[in-house]
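Novice: sequence-free structure coming up:
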């Protein structure tokens, strides 16, 4: 009997048998890869057509229409993505490559989030404090060629239909009480007025035609301008003129008077889902609230130290009043604010080589926030082509917070991050248009910490501004959950943020209204930053002298946007592998 067993083992372990086993494993891996690839390529092709996306996965260049937002369209999307999730469930994930395992989780998490949004009928409230379905239809700048200008004109022609569908959805939301709280959108109808202006020299939709690229012949430029003037005058302006009284006279007066997401129909489950979708973590609202309270206490202790370093002898509240009211901390002109921002980013550029290993070639510009959205906009926003800073109401844009804002929004924050993603590893197309707040905003907040080593905080006031921004994000954990889970009032939230930070009063109110009308979104920033800071501390302890921050940062940035558990997993693997340069040949 023993002889037969030995013969069987010899056959199994023979070179021919081992080769056969290896071939079988390779075949099953290839089958799993092909199965997954077929699913994500089909889904992406369907998604780009269904949502009217351009080649880059955005509703911009290359797209000649706006999406269908009718209930029937959302039902179609719900059915398709639900079926796609079923198909993903049949993929043998353990047989995928390491890279495809990440791609799998990214796609699965994204589709679940899409489904949750449709199931909650969030499309019935496409207008909240700080964002709306109309605000970003006009581009920040011009386009690259005539084809992109023609696509833009075609999108403008589609605005009346797009608005009518959104208005119908909003009326359905009104009927069931699913609206943003009235207090957060009162006065926001003013963001419509610039687009309804028949004076094209002042209408943001015509700005893209003021300076056109030289690769378009002069005659063609003029023809495109003439067509644009006609479409804006005859189609765009009337559509906005029709939208304005609906928002001002019908929608805002009838919006709900409650604040909490949990006050909505099915609100407790809805808010729990939002928390999970925005953070990608298995944390309850109460757990996040408690984390926030601990972070507020920790940062406050650091703020007290920096306050004394500035020479201030009085109380903390009086120091906040001094910072908020002293004219030395306010730019005298928009140009001064933008010039100081440019100086800060130039200083950062001199330190990037010792901070990050792989640097992008793509460059961004610095611009003022578009006037149409500036009154209710945040201090700045970083994107691939431009990093914009709000020059509206200059007393509200404190210079001591500008260094932290600049590194967060521009470099090595969002604009830098977007360029790396554009030039990064070849990945499925859906990865380039997928974003997770915990990853992207966590990195943005972490870069404010990196600004210390880059020398951008030149005075104790600048450093207090950095801590103000960190405290701001910690307060979000307390305030978002406080409002939507614990029943805080708007006044309570304003007092908490104003009492713990040196943010201007205008900015405090703008931010609180954003948290009220967009529940859960603000939670991801601090949680993502905390994870990155924690993993850095672990890496420094375990790797010792072998720790190089350039490679640590490259590991994070090379990943692209992923859920936070995947980010932690990949950093752990890098540490276990000795902390090597991930981009070494």
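Specialist: Done, it's in. Fair warning: this is a prediction, and the values are worked out from it, not measured in the lab.
Novice: next one: residue 418 from residue 262, what distance?
Specialist: The span separating residue 418 from residue 262 equals 35 Å under the rule CB to CB, to the nearest Å. Heads up, the C-betas are built off the backbone N, CA and C, glycines and all.
Novice: which residue is the nearest non-sequential neighbour of residue 510?
Specialist: Closest residue to residue 510 apart from its sequence neighbours, by CB to CB, 6 or more residues apart in numbering: residue 376 at 6.3 Å.
Novice: whoops, I mixed them up, residue 70
Specialist: In space, residue 70 is closest to residue 165, 5.3 Å off (CB to CB, 6+ apart).
Novice: same thing with residue 356?
Specialist: Per CB to CB, 6+ apart, closest to residue 356 is residue 553, 4.8 Å.
Novice: number of residues surrounding residue 455?
Specialist: Here the number of neighbours of residue 455 (other CB atoms under 10 Å) works out to 12.
Novice: before we move on, what about residue 249?
Specialist: Around residue 249 there are 11 residues (other CB under 10 Å).
Novice: right, and residue 113 touches residue 274 too?
Specialist: No: at 9.8 Å, residue 113 and residue 274 do not qualify as touching, with contact defined as CB atoms under 8 Å.
Novice: what's the spacing between the most centrally placed residue in the chain and residue 443?
Specialist: Taking CA atoms, centre = their mean as the criterion, residue 437 is the residue nearest the geometric centre of the chain, at 5.3 Å. For residue 437, the distance to residue 443 equals 10 Å [CB to CB].
Novice: common neighbours of these two, please.
Specialist: residue 528 (CB atoms under 8 Å, 6 or more residues apart in numbering).
Novice: got any ranges where the stretch 1-150 of the chain has weak pLDDT?
Specialist: For the stretch 1-150 of the chain, the stretches with pLDDT under 70 are 1-27.
Novice: break down it into its helices, ranges please.
Specialist: Secondary structure of the stretch 1-150 of the chain (DSSP state H, counting those that start in this stretch): helices located at 2-12, 15-50, 71-89, 98-119, 146-157.
Novice: check contacts around the closest residue to residue 112 other than its chain neighbours.
Specialist: Once flanking residues are discounted, residue 112 sits nearest to residue 85: 7.1 Å by CB to CB, 6+ apart. When contacts are counted by CB under 8 Å, 6+ apart, residue 85 touches 108, 111, 112, 115.
Novice: who wins on neighbours among those residues?
Specialist: Counting neighbours by other CB under 10 Å, residue 111 comes out on top of the contacts of residue 85 with 19 neighbours.
Novice: what average pLDDT does the helix or strand encompassing residue 288 get?
Specialist: Using DSSP states H and E, residue 288 sits within helix 285-309. For helix 285-309, mean pLDDT is 98.
Novice: that one packs against which elements?
Specialist: On a contact count with 3 or more CB pairs under 8 Å, 6 or more residues apart in numbering; DSSP states H and E, helix 285-309 meets helix 267-279, helix 316-325, helix 460-484, helix 524-543.
Novice: residues in contact with the second one?
Specialist: This points to helix 316-325. If you take CB under 8 Å, 6+ apart as the criterion, helix 316-325 is touched by 303-304, 307, 310, 312, 314, 329, 398, 400, 461, 464, 498-499, 501-502, 504-505.
Novice: which of those are buried? Put it as a ChimeraX command.
Specialist: Buried members of the contacts of helix 316-325, defined by 16 or more other CB atoms under 10 Å, are picked up in ChimeraX with:
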select :303,307,312,329,398,400,461,464,498,501,502,504
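Novice: tell me the contacts of the residue nearest to residue 242 when sequence neighbours are not counted?
Specialist: Leaving aside its sequence neighbours, residue 242 sits nearest to residue 163 (CB to CB, 6+ apart; 7.3 Å). By CB under 8 Å, 6+ apart, the contact set of residue 163 is 133, 134, 239, 242, 243.
Novice: check those residues for burial and list the buried ones.
Specialist: 133, 134, 239, 243.
Novice: same question for the one helix or strand the residue nearest to residue 242 maps to, mean pLDDT?
Specialist: Secondary structure from DSSP H and E places residue 163 in helix 159-175. Over the span of helix 159-175, the pLDDT mean works out to 97.
Novice: angle of it against helix 146-157?
Specialist: Orientation check (axes from the mean of the first three to the mean of the last three CA atoms, to 10 degrees): helix 159-175 against helix 146-157 gives 50 degrees.
Novice: elements contacting whatever helix or strand comes next after helix 159-175?
Specialist: Where DSSP H and E defines the elements, the next helix or strand beyond helix 159-175 is helix 182-185. With contacts taken as 3+ CB pairs under 8 Å, 6+ apart, helix 182-185 sits against strand 127-128, helix 252-254, helix 505-517.
Novice: what about residue 327, how many neighbours?
Specialist: 7.
Novice: how about it, phi and psi?
Specialist: phi -70, psi -20 (degrees, to the nearest 10).
Novice: do you know how far it is from residue 550?
Specialist: 41 Å.
Novice: show me what contacts residue 440?
Specialist: Contacts of residue 440 were listed using CB under 8 Å, 6+ apart, and they are 414, 417, 528, 561.
Novice: now those residues in JSON lines, with pLDDT, secondary structure and neighbour count?
Specialist: Below are the contacts of residue 440 laid out as JSON lines (pLDDT from 0 to 100; DSSP: H, G, I helix; E, B strand; the rest coil; neighbours: other CB atoms under 10 Å):
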{"residue": "414", "pLDDT": "91", "secondary structure": "helix", "neighbour count": "23"}
{"residue": "417", "pLDDT": "89", "secondary structure": "helix", "neighbour count": "23"}
{"residue": "528", "pLDDT": "97", "secondary structure": "helix", "neighbour count": "27"}
{"residue": "561", "pLDDT": "94", "secondary structure": "coil", "neighbour count": "21"}
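Novice: residue 38: which of those is nearest?
Specialist: For those, the minimum distance to residue 38 (CB to CB) is 23.3 Å, reached by residue 561.
Novice: this protein - how does it break down into domains?
Specialist: Annotated domains of the chain cover 2-50+70-124, 127-257, 269-529 [automatic domain parsing].
Novice: tell me which of those sits most buried.
Specialist: domain 269-529 (a mean of 19; mean count of other CB atoms under 10 Å).
Novice: quick one: that domain to chain centroid distance?
Specialist: 12 Å (CA atoms, centre = their mean, to the nearest Å).
Novice: for residue 256, give me its contacts.
Specialist: Residues counted as contacts of residue 256 (CB under 8 Å, 6+ apart) are 177, 179, 180, 181, 182, 263.
Novice: hmm, 6 Å instead?
Specialist: Residues near residue 256 by CB atoms under 6 Å, 6 or more residues apart in numbering: 177, 179, 181.
Novice: likewise residue 391?
Specialist: When contacts are counted by CB under 6 Å, 6+ apart, residue 391 touches 334, 337, 368.
Novice: between these, which is closest to residue 35?
Specialist: Nearest to residue 35 among the contacts of residue 391 is residue 368, at 49.1 Å by CB to CB.
Novice: ramachandran coordinates for that closest one?
Specialist: Dihedral pair for residue 368: phi -70, psi 150, per degrees, to the nearest 10.
Novice: which residues does it form a beta bridge with?
Specialist: Beta-bridge pairing for residue 368 (DSSP bridges): residue 389.
Novice: of the helices and strands packed on helix 182-185, which shows the lowest average pLDDT?
Specialist: With a mean of 86, strand 127-128 has the lowest mean pLDDT of the helices and strands packed on helix 182-185.
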